[in-house]
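> Quick one: sequence and predicted model below, then my questions.
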Amino acid sequence: MAGLSLAGLGKRYGAHPAVENATFELATGEFLAVLGASGCGKTTLLRLIAGFERADSGTIHLGGTLLSSPAHHIPAERRGIGIVFQNYALWPHMSVARNVGYPLEVRGMGRSERDRRVAAALESVGLAGFAERRPAELSGGQRQRVALARCLVMGTKLVLLDEPLASLDLHLRASLQDAIADLHRKSGAALLYITHDQAEAMALADRVAVMDAGRIAQIAPPAVIYREPATEMVARFVGRGGIVPVQVTRAGEKGRAPVDLFGCPAVVRCRADQPAGAALLCVRPEDLRLAARGEPSFEAVVKRTHYQGGSVAVELVPTARPGALLAMTLPGHSVLAAGQRVALSITDGWIVPAG
Ligand SMILES: Nc1ncnc2c1ncn2[C@@H]1O[C@H](COP(=O)(O)OP(=O)(O)OP(=O)(O)O)[C@@H](O)[C@H]1O
Ligand SMILES: [Mg+2]
């Protein structure tokens, strides 16, 4: 059975297109993370799927059922979608246990079965001792756990999460990430998860969608987003590294092409149809190293170093291109100082497809 399917989905606020032509499928049980700059349309996309907003164009199907088209709108409460938003209210007058069990109560499930499921759900999000509290007596992180537990007992096949961990401290984030991974595993539900945290998206998701000004710029597994960004925006937004101009000296063949990078020859990865000519090269930290004597290289100046325990993160400015910034990682004992000139060689890279 098909999971969630969006086709040509669009939403404008006045003249401003908040979401444009969103078209993708989310398989049953899949975990999709949505990344993108503030204001790019992530929350609007989720609100459209949840049914809190009406789309101007396109369709939404869930499990083969039409939820939304310009002529048709199933209201949020009848979509059977679990929701964990940063500010999505729990019912303040109900205890934690009743908040979690309410969807089961509505379905007419008997008391003892309901109590058993609620207890199991609270246990699995680490709130076993909190059943009788009111939401006002919980911390932000605990409230998010109650919302997760409610999704667990509902057994919904799709859960939407909008930055549920954004306001929490690092330690709490880590434990709630575990709770979310757990929810995903136990429920078999598909998850659509908005986050600002790339590491979180990369670690948790099967695929990542990167949004740029209302459009989905790329949707792919984390390693593909990182290694083969489809646009300059995705290359800059995801992962550390730099974008530098290169000359492609011969058209790509079998996914590789020779380039001239500031006079230094190299062979890098590219799309099958990469033509020769000017292009942008995405260079990740692991693609650079200090050149050995006599090796083809280009010159750069160390801008800053950050000691990170076992390693040092180094920012470098190519001498031939003072506006560009590159990043590389060196062992923790390396001694490089700001202002120092170094010879770099490049071992890999990805030619960003021309828009
Ligand atoms: N109710 C509204 N009325 C008018 N404009 C809106 C409304 N809601 C959102 N917008 C605009 O639509 C665009 C997308 O907003 P949205 O909330 O989807 O962004 P976002 O990607 O979730 O951002 P953030 O990361 O800051 O949460 C923004 O330019 C925003 O100002
Ligand atoms: Mg948002």
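Cool, got the structure. Ligands and ions are numbered 1, 2, ... in the order given.
> The most far-flung residue of the chain relative to its centre sits in which helix or strand?
Within the chain, Gly294 marks the point farthest from the mean C-alpha position, 41.6 Å out by CA atoms, centre = their mean. Under the criterion DSSP states H and E, no helix or strand holds Gly294.
> what separates it from ligand 1, distance-wise?
Computed as CB to the nearest ligand atom, to the nearest Å, the Gly294 to ligand 1 distance reads 49 Å. Bear in mind the C-beta positions are built from the backbone N, C-alpha and C, glycine included.
> going forward, begin numbering at 163 instead of 1
New numbering, starting at 163: the last item is Gly456.
> Contacts only, for that residue.
If you count contacts by CB atoms under 8 Å, 6 or more residues apart in numbering, Gly456 has none.
> so Pro420 sits in a helix?
No: Pro420 is assigned strand when assessed by DSSP: H, G, I helix; E, B strand; the rest coil, not a helix.
> Just the buried positions in the biggest helix by length in the chain, please.
Looking across the chain with DSSP state H, the single longest helix is helix 332-349. By neighbour count with 16 or more other CB atoms under 10 Å, helix 332-349 contains the buried residues Leu334, Arg335, Leu338, Gln339, Ala341, Ile342, Asp344, Leu345, His346, Ser349.
> try stretch 435-449
Here stretch 435-449 shows Gln436, Ala441, Leu442, Leu443, Cys444, Val445, Arg446, Pro447, Asp449 as buried, counting by 16+ other CB under 10 Å.
> Stretch 357-375 too?
Those buried within stretch 357-375 under the rule 16+ other CB under 10 Å are 357, 359-360, 362-364, 366-374.
> gap between Glu362 and ligand 1?
From Glu362 to ligand 1 the distance is 14 Å (CB to the nearest ligand atom).
> Could you pull up the residues touching that residue?
Contact partners of Glu362, counting by CB under 8 Å, 6+ apart, are Ala195, Leu327, Arg335, Gln339.
> about what we covered before: list the strands paired with the helix or strand that the longest helix of the chain is followed by, with their directions.
Downstream of helix 332-349, the next assigned helix or strand under DSSP H and E is strand 352-356. The strands that strand 352-356 pairs with in its sheet are strand 193-198 (parallel), strand 320-324 (parallel) (by DSSP bridges).
> Report the angle between strand 352-356 and helix 332-349.
Counting by axes from the mean of the first three to the mean of the last three CA atoms, to 10 degrees, strand 352-356 lies at 160 degrees to helix 332-349.
> Chain neighbours aside, what residue packs nearest to Ser257?
Closest residue to Ser257 apart from its sequence neighbours, by CB to CB, 6 or more residues apart in numbering: Glu294 at 5.2 Å.
> Pretty sure the one you found sits against Met256.
No: the criterion here is CB atoms under 8 Å, and Glu294 misses it with Met256 at 10.8 Å.
> Same drill for those two, tell me which one is more crowded.
For the pair Glu294 and Met256, the greater number of neighbours falls to Met256 (14 against 10), based on other CB atoms under 10 Å.
> Could you measure from that one over to Phe247?
From Met256 across to Phe247, the span is 18 Å (CB to CB, to the nearest Å).
> quick revisit: can you tell me which of the buried residues of stretch 357-375 are in helices?
The helices, defined by DSSP H, take in Gln360, Glu362, Ala363, Met364, Leu366 from the buried residues of stretch 357-375.
> per-residue pLDDT, the first one?
Reading off the per-residue confidence, Gln360 sits at a pLDDT of 90.
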